[in-house]
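Chemist: structure, please.
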Amino acid sequence: MKNQTLTYREALKTAIGEAMHNDKRVFLMGEDVGNYGGCYAVSKGLSEKFGADRVIDTPLSESGFVGAGIGAAIGGMRPIVEVMTVNFSLLALDQIVNNAATLRHMSGNQIGVPLVIRMATGAGKQLAAQHSHSLENWYAHIPGIKVLAPATVADARYMLCMALKDPDPVILFEHVMLYNDSAVIPKPEDCPDMHQAMVRKAGNDISLVTYGGSLLKTLQAAGELEKQGISAEVVDLRCLRPLDTQTLFKSVNKTHRVLVVDEGWRTGSLASEICALVAEHCFWSLDAPPNRICSKEVPIPYPQHLEHAATPQVSQVVEAALVLLNRDVT
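Modeler: Model prediction:
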């Protein structure tokens, strides 16, 4: 008998449905999450199961419905707010940054905002310059919120459950290229604590550090390096705020080289922060300067070949790793 599989989108839907079944305070709200089933079909069927009072179609007003989610969380509910794509979250920045992230601090720990915000992120679907952003680093910059980037079916299945138990706002970034990925139905033990980074592939020669939609490319690059006799360790950050620096530093202190793969733009990127942290805390272990592969400093193009050229690819990761290892680049 073959093992049953689950897609990334099905894993998210399973997690949402389970949470709603187990806790009457949990509800889902966002644009087209009800009858339509969500822009990426994550909530398909949930409205029929739980009703329109708990799977709520909202007006096209991100500031309005994210604000409503904050209010519901303060009032004792456990809302899951779906923002269709990360670029639309810019319309709710005031609510997220000035309200959700600050209320515990401003109230002297009297008011918590146990809110989960889900949003699609990243390039690869030819959604052009206005719908292909990778802005995870913007949100990882903000104290008061936690930022997750589930890259596997197991993480999609269980990190959402963990986020709903957190007393403070949590944002889940779901890369658009992951929704169709599938894996054997995961078990809870396949997903460690949501704050913990994971070594997805052990190695000794170089640390390849990444997250979200870049994980598969990075693992493929590690496989290509393996063919050349190079043992690359792949670290999946998983949680972007707070960063699990213990796992990061342990890997770099072992391999003595680090290359960060980040789909965000290079200037002010999360990759920049990781390189700085490594330089500050692992300087005497390094045999080469920390380096990073990021998206080109342009709005993401629509044509597929240009979109491909603008974002990190396996060949770039392999070439940069070879340079750090002083190997010939063929």
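Chemist: gap between the residue nearest to the spatial centre of the chain and residue 86?
Modeler: Centre of the chain computed as the mean C-alpha position; nearest residue by C-alpha atoms, centre = their mean is residue 149, 1.8 Å away. For residue 149, the distance to residue 86 equals 11 Å [C-beta to C-beta, to the nearest Å]. From N, CA and C alone the C-beta is placed, and that goes for glycine too.
Chemist: shared neighbours, the two?
Modeler: residue 173 (C-beta atoms under 8 Å, 6 or more residues apart in numbering).
Chemist: picking up where we left off before, and the pLDDT for the closest residue to the residue nearest to the centre of the chain other than its chain neighbours?
Modeler: Nearest non-adjacent residue to residue 149, counting by C-beta to C-beta, 6 or more residues apart in numbering: residue 212, 3.9 Å away. Per-residue pLDDT puts residue 212 at 97.
Chemist: could you give the number of residues near residue 212?
Modeler: By other C-beta atoms under 10 Å, the residues close to residue 212 number 27.
Chemist: before we move on, what about residue 184?
Modeler: Residues near residue 184, counting by other C-beta under 10 Å, number 13.
Chemist: how close does the residue nearest to the centre of the chain sit to residue 260?
Modeler: Residue 149 is 14 Å from residue 260, by C-beta to C-beta.
Chemist: repeat that for residue 10.
Modeler: 30 Å.
Chemist: between the two, who's got more neighbours?
Modeler: Taking other C-beta under 10 Å, residue 10 and residue 260 do not tie; residue 260 has more neighbours (29 against 19).
Chemist: hang on, residue 162 packs against residue 193?
Modeler: Yes. With contact defined as C-beta atoms under 8 Å, residue 162 counts as touching residue 193 (7.1 Å).
Chemist: of these two, which one has the most company?
Modeler: residue 162 (19 against 11).
Chemist: what's the more buried one sitting at in phi/psi?
Modeler: phi -70, psi -40 (degrees, to the nearest 10).
Chemist: ok, and the closest non-adjacent residue to it?
Modeler: residue 194 is the one closest to residue 162 (C-beta to C-beta, 6+ apart), at 4.2 Å.
Chemist: how about the helices in this protein?
Modeler: Using DSSP state H, the helices of the chain run over residues 8-22, 46-50, 62-74, 93, 103-106, 136-140, 153-164, 215-227, 245-255, 270-281, 304-310, 314-324.
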